[in-house]
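Engineer: Sequence first, then the predicted structure, then my questions.
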Amino acid sequence: MTYLEYSGENYAEDTAAIADDPVSRAWWALTDPRQQPLDSAAEGEWWAPAEEVFHLD
């Protein structure tokens, strides 16, 4: 499970910059083969929504 809190102003632009980063791409090349989608993920989707258990403000 993961948690993401975004504090920027342009999510699409910022995630595109991460995808263009050679260090991020190298990390993904190492880690992506070790992951598999959950059975509850929609067809063609990698991640599945999770039920919120804790909410911290």
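Structural biologist: Looks like it came in fine. If you're wondering where the values come from, they're calculated on a predicted model, not measured in any experiment.

Engineer: Going by C-alpha atoms from here, please, whenever you check contacts or count neighbours.
Structural biologist: Fine.

Engineer: quick one: low-confidence ranges for the chain?
Structural biologist: 1-2 (pLDDT under 70).

Engineer: Not counting sequence-adjacent ones, nearest residue to residue 49?
Structural biologist: Of all residues not flanking residue 49 in the chain, residue 41 sits nearest, at 7.6 Å (CA to CA, 6 or more residues apart in numbering).

Engineer: Please identify the helix or strand for that neighbour.
Structural biologist: Using DSSP states H and E, residue 41 is not contained in any helix or strand.

Engineer: ok, now which ones touch it?
Structural biologist: 47-49 (CA atoms under 8 Å, 6 or more residues apart in numbering).

Engineer: Dump those to TSV, plus neighbour count.
Structural biologist: Shown next, in TSV, are those (neighbours: other CA atoms under 10 Å):
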residue	neighbour count
47	14
48	13
49	10
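
Engineer: and the residue nearest to residue 49, how far is that from residue 11?
Structural biologist: 22 Å (CA to CA, to the nearest Å).

Engineer: before we move on, what about residue 47?
Structural biologist: 18 Å.

Engineer: Equivalent analysis for residue 55, please.
Structural biologist: Distance from residue 55 to residue 11, by CA to CA: 22 Å.

Engineer: Which one's more surrounded, those two?
Structural biologist: A count of neighbours by other CA atoms under 10 Å puts residue 11 above the other of residue 55 and residue 11, at 11 against 5.

Engineer: Which of the contacts of residue 41 fall in strands?
Structural biologist: Among those, no residue falls in strands (DSSP state E).

Engineer: how many neighbours does residue 46 have?
Structural biologist: Residue 46: 13 neighbours (other CA under 10 Å).
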